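[1] Make a model of this:
(chains A, B, C and D)
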Number of protein chains: 4
Amino acid sequence: MTVKMIESSKNLSGANVLHYGMVGGGEDSFIGDVHRKSAMYDGKCKIVCGCFSRDYENTLRTGAALGISPDRLYRDFNEMAQREKERDGGIDFAVIVTPNSSHFLAAKAFLEAGIHVVCEKPLTCTVEQAGALRDLAREKDLILCVPYNYSGYPLVKQARKLVRDGKIGDVVMVMGEYPQDWLMDTVERGGQRQAAWRTDPGLSGVSNCVGDIGSHIENTVAYITGMKIKSLCAKLDIIGEERVLDTNASVLLEYANGATGMYWSSQVAAGYDNGLRVRVFGTKGSLEWAQEFPNVMSVTFKGQPTQTYCRGNGYLDDVASSRLPSGHSEGYNDAFANVYNSFATALLLKKDGQSVSSAECDYQDAEAGIDGVRFIHKCVESSQKGSVWVEM
Amino acid sequence: MTVKMIESSKNLSGANVLHYGMVGGGEDSFIGDVHRKSAMYDGKCKIVCGCFSRDYENTLRTGAALGISPDRLYRDFNEMAQREKERDGGIDFAVIVTPNSSHFLAAKAFLEAGIHVVCEKPLTCTVEQAGALRDLAREKDLILCVPYNYSGYPLVKQARKLVRDGKIGDVVMVMGEYPQDWLMDTVERGGQRQAAWRTDPGLSGVSNCVGDIGSHIENTVAYITGMKIKSLCAKLDIIGEERVLDTNASVLLEYANGATGMYWSSQVAAGYDNGLRVRVFGTKGSLEWAQEFPNVMSVTFKGQPTQTYCRGNGYLDDVASSRLPSGHSEGYNDAFANVYNSFATALLLKKDGQSVSSAECDYQDAEAGIDGVRFIHKCVESSQKGSVWVEM
Amino acid sequence: MTVKMIESSKNLSGANVLHYGMVGGGEDSFIGDVHRKSAMYDGKCKIVCGCFSRDYENTLRTGAALGISPDRLYRDFNEMAQREKERDGGIDFAVIVTPNSSHFLAAKAFLEAGIHVVCEKPLTCTVEQAGALRDLAREKDLILCVPYNYSGYPLVKQARKLVRDGKIGDVVMVMGEYPQDWLMDTVERGGQRQAAWRTDPGLSGVSNCVGDIGSHIENTVAYITGMKIKSLCAKLDIIGEERVLDTNASVLLEYANGATGMYWSSQVAAGYDNGLRVRVFGTKGSLEWAQEFPNVMSVTFKGQPTQTYCRGNGYLDDVASSRLPSGHSEGYNDAFANVYNSFATALLLKKDGQSVSSAECDYQDAEAGIDGVRFIHKCVESSQKGSVWVEM
Amino acid sequence: MTVKMIESSKNLSGANVLHYGMVGGGEDSFIGDVHRKSAMYDGKCKIVCGCFSRDYENTLRTGAALGISPDRLYRDFNEMAQREKERDGGIDFAVIVTPNSSHFLAAKAFLEAGIHVVCEKPLTCTVEQAGALRDLAREKDLILCVPYNYSGYPLVKQARKLVRDGKIGDVVMVMGEYPQDWLMDTVERGGQRQAAWRTDPGLSGVSNCVGDIGSHIENTVAYITGMKIKSLCAKLDIIGEERVLDTNASVLLEYANGATGMYWSSQVAAGYDNGLRVRVFGTKGSLEWAQEFPNVMSVTFKGQPTQTYCRGNGYLDDVASSRLPSGHSEGYNDAFANVYNSFATALLLKKDGQSVSSAECDYQDAEAGIDGVRFIHKCVESSQKGSVWVEM
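    You can find the predicted model right below:
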């Protein structure tokens, strides 16, 4: 029952902070905000510049809201790379969160400027471009990080350790799936921006479904097993009127070690929000992890009952350390943040002399606090009197 | 399939930032770090001062790590309240995350200094003290927030709306439970600090189990239903050698509206990490929510199949808005943060001229990026050739 | 991976067959049919007489359908007991499945006639009557079986063994629940017979909800743990207009060994069909079993991951032997029986020269058989040719 | 909350009983016993003859145990077909449950003798043989039933109705899987008979894994959707030393309507006992059913929360009628049968003058009955006195 927690999560690392800038991630971006929140989580990274949009007004508004000095808000990534390179105390690294088609040129610009790069997946639109970036980073001795986020889950790290340590034997079969349902309707025609660029070959490249989510199966399996794909046979389906890119993809695979795999990804599978799920079967056991319930993993050793590993428990390896104790769903911080958000909103309004509506006051106040204390005392009183009924 | 997301979560609110200080939350504190991370989540709150421990060295180290100016690191909360009150641009609010026994005096000090207060639950050790704080805050027109965090979950807010709108009819029965197992062994004797203060009546007050977690059942049910407890009958069990406070608590309740309730909380229930679970039964339907799987909620309307509400979907009410799209478990940010943590660690070491071990390099690099792009292209190639096998 | 199966389930025991008669269980009875099917399951019991209803016509029709000789269809249980006692080769035992109020006199009649008895629960309407039957059976050296069916599940037997062997340590807490929702509406006023007698104190006795289902919690817990209840505190709620008996019951208990229990049973809990669920917590571990998913049981040993025991596996003890291999849900026989039912219905109609509608032909015919063989061959052909596509 | 129950399940059909004989199903057979139990479930079928094994001694012992007249126990199926054809009152149908390789000749013999046939799947070892049987049955106007049992589950019938009624729109994707783990070790070399014949091409035909379980995916999908397979691409893996037939099979399919399918079956997938699971995705919704939890099915209509259909509820269609009320797991009868088995065993021993050990007495006796009645009364007493504690 020892709890595995990340030391570095203590947020106590103010001494050494890395400065970074972002390309993409302006208003309406989903993933840009995720990157910024995550980057500041452990107190090691601070955003100091950006080129958040092809629309400079958007960049200015976004930068202002983030408290970035106006002279570090740029019109394009080339300008940003050049100016930050020349600047004394320029950024340590750049984060690229634009649609796929601009990844290559943006990453290239920063690497050439001697700046480390974090670039969203898929890294580029062609294999050649990806190779060129790899070579460039190597040549310049720079880090080029592709933040496949599912490798960041503690239990995925535990899965990797189990497989790599041979605990489930030789892998013989892998089942990977990633169903979603948000493209069942052609929402891209209604102006849904996330859908619009993903279904547009000009921005997305040769594939929508495989590129966006099938690639996460590929990476998560590779991260866990370390196995290389030898050959594959794929059937990509374009489901949805007037679409030109795949929205459903079925792949049969053979790995270099002779194991077989099946990967299914879909954006038109009713009932699934974000159902990444990976199952790895070996000669001595198996494991199964699903992103929607990331704090648990099923592990079976041959001939024994299936076990449910829960994040944060003492029986896990150190690689699976995390920021919260076991059982505290990783949304714990988000929920706490909701409380602070309500409280801060109310307080800001109050300081501004405005009245605060009940919707904005959705935090627990002193009355709730009193009720809580009374409840505890009445429980103790009842129990001490022989578990009799007591009035509140 | 519209996605409900919180506008204010966009982190774009740099203009108006509240300044706060913290009492408690030094090294080894769990909840202090949670508060700090959550408070900065939406960019509205910034920590500027603190008294993090009774041990001033701890306060100094913690403050330094957080980048707080040394002149705002205080020896006790009275000094902090006084000096921040006098200071031009002193804090907007204080966050109190000490053990229960010091809540009252700390909160009182800040309220008397005209400073808003966020105080962990249980608010105080006696009902009288809690009432006094409520009265003081009212008199001074200050906000006193008790951050019961489970009310912060989007689906708890949805549950509240369903019940308040009468969708499940008149509530007739409530089942609440909160089992944990971390006190099965008497870990407080082995120096586990979280266990040590909770099981010590001097720091914890009249109750351990009810005070620490039973009170969360009470508040979550009250938040969802709005029902007042009329009377209760409790049986508190002290399980574990040489303990003096309860570790298992069973409560039978009657609410003012005539409904019945059963609350069970335990710290000695093998197999449960943090199993808060609330079920509310009404004359027209029922709902069920469990903290360990916070993104789903079961809702049944009489005579119909049980439905599984998933956070982030378009069929939810606005109160259930959140920061991430549906299906992205709220640990999504944490996992992304893990990636950044690995990357930042490696980069800091690299900048320092040190070599980086593979454990510290647990992020996906350019090779992974290339493999990802190749996978996509091979899938497209296979499919276009009639779903034939292609070599990687 | 050895499979635990019951030897006696092989249905190969024709040599020794017990003869029995039934009281109650006529047309419209639910539990009578369950008893008859179950009794013939292992080929050891054969029904030869009965008094199926207070309505003799019903008895005659039921008996005819069951192929019972008319001279062994009786008008009342006293006649049946007397005549079977006098008869050469009279019944070995009587099965009593009437509403609760007639259990006592019926059981008494058969015991006095020297006939063994299987009597549905609750055994009688008063404790005194139950004691009297026990004494009578003892005096006559007869078996009096109360078929609490939940003790018949293989994993309940496994649970009992784990607890009795001390595998989860000393039991400190028990949570039992049995929610249903079929009495949310007052269906007894619409002629639902199962509801009518249960809500009628004249037929049901002092309690509806506790008597009908709360008593199953009591017995299942007693069966598993062997613990005696020392004292209890109960709150019975009468929910539903014009009702006079309880439909929701909450009970706090203390066992003789000092453990605490909470039992909740309800017939007005939306979303639950038949939710019997028992959790037993000890000083070394815990276990959890739910009737609606009877083939799995969660078992946790302190400090280890929760394990899911699945019926039929080799790691279980012999007490948990069963009739089907692991993973074959125990509805397997029912599904097979559905196939036979469709087939037999069609064949009977065919023999009778009638035409058979497609609804009556809901079994798989030769076409399905051919498709199945073709599928197998095509799979093999494709794989042998290098996993190429083959046309069907 | 109306309960859907099968009328014909009432076991009240003694008047018309079909007589049948069985080929295969001797001692040690698993499926033979399943067929016999299922066939007698609704009282329509009675076994009267058999040729249970190639070992005549086995046939004699099996027949005796089943109470079959010795003159109807045959040495081979040809003799059985001939003699039953000639006999006055010969069998209505024959059930064939031998290994695959003898299906064709046995089925042919009975059809030629004018006897209806129920033959286990796969129907034959070649497509030509299957077609020949179909033609023969047609010519003779005989029923040839292939009892794919998964089509017998009420919720599979409900799934079929939903798809056929267009409730989930046009089907675009099907995911079918059937993992097991019982052949992870080469148990066929240790004398496990079920494993021995399945892995032997002489008895099993061209395939083990696809033939035994992959074919169930094929049939269940066909039954639910009615879709024809147009082409397929299969990769069959032989996992396990010295084996010659497949134990793991991955199939990519295209249906005639353009939909895509993926079928995975395996006998070496640790953690799975009998995991048949089918998911069907359409343009308006989806459904999912798994054999190990056959009483529930997930159904999603586009844009709405996923619903959990539970067997036996009033919102289901008539096709999903069943023998037990909702929530009573279909193992209900099995558990009741266990009680009767214990009771009958004890009673048989008692009648024989033998002593009965406690293991053989695993049924609830009068003491349990008394405890149950006392529990009910004490609950009522406590509640009536104001929910005070009462001693037992």
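[2] residue ranges for the strands of the stretch 201-350 of chain A, please.
    Listed in chain order, the strands of the stretch 201-350 of chain A (DSSP state E, counting those that start in this stretch) span A:229-237, A:248-255, A:260-266, A:277-282, A:285-290, A:296-301, A:306-310.
[3] Relative to chain C, which of these is closest?
    Nearest to chain C, of all the strands of the stretch 201-350 of chain A, is strand A:306-310, at 4.0 Å by Cβ to the nearest Cβ. All C-beta spots, glycine's among them, are computed from the backbone N, C-alpha and C.
[4] what residue is smack in the middle of chain A?
    Closest to where the C-alpha atoms of chain A average out (Cα atoms, centre = their mean) is A:N149, at 4.2 Å.
[5] on that earlier part again, for the strands of the stretch 201-350 of chain A, give me CSV that also has mean pLDDT, distance to B:Y41 and mean neighbour count.
    Formatted as CSV, the strands of the stretch 201-350 of chain A follow (pLDDT from 0 to 100; distance: least, Cβ to Cβ, whole Å; neighbours: other Cβ atoms under 10 Å in any protein chain shown):
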stretch, mean pLDDT, distance to B:Y41, mean neighbour count
strand A:229-237, 93, 39, 22
strand A:248-255, 95, 35, 26
strand A:260-266, 97, 31, 26
strand A:277-282, 98, 28, 25
strand A:285-290, 97, 26, 24
strand A:296-301, 96, 25, 21
strand A:306-310, 95, 25, 21
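[6] okay, those in a markdown table with distance to chain B next?
    Listed next are those as a markdown table, based on distance: least, Cβ to the nearest Cβ, whole Å:
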| stretch | distance to chain B |
| --- | --- |
| strand A:229-237 | 4 |
| strand A:248-255 | 6 |
| strand A:260-266 | 9 |
| strand A:277-282 | 12 |
| strand A:285-290 | 9 |
| strand A:296-301 | 8 |
| strand A:306-310 | 6 |
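[7] possible to save those strands as CSV with distance to C:G24?
    Shown next, in CSV, are these (distance: least, Cβ to Cβ, whole Å):
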stretch, distance to C:G24
strand A:229-237, 59
strand A:248-255, 56
strand A:260-266, 53
strand A:277-282, 50
strand A:285-290, 48
strand A:296-301, 46
strand A:306-310, 43
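[8] quick one on the thing from earlier: do you know the pLDDT at the residue nearest to the centre of chain A?
    Note on A:N149: pLDDT of 80.
[9] cool, and the one 10 residues further on?
    Per-residue confidence at A:A159 stands at 95 (pLDDT).
[10] Contact partners for it?
    A:A159 makes contact with A:224, A:278, A:280, A:287, A:289, A:297, according to Cβ atoms under 8 Å, 6 or more residues apart in numbering or on different chains.
[11] Would you tell me whether the helix or strand A:A81 falls within gets close to chain B?
    Taking DSSP states H and E as the definition, A:A81 sits inside helix A:77-86. No. Judged by Cβ under 8 Å from any Cβ of the partner chain, helix A:77-86 and chain B are separated, with a smallest distance of 15.5 Å.
[12] Mind listing what's buried along that helix?
    The neighbour-count check on helix A:77-86 (16 or more other Cβ atoms under 10 Å in any protein chain shown) flags A:77-78, A:80-81, A:83-84 as buried.
[13] Quick one: residues contacting A:Y223.
    For A:Y223, counting by Cβ under 8 Å, 6+ apart, the contacting residues are A:148, A:150-151, A:156, A:160, B:364, B:368.
[14] All set, thanks.
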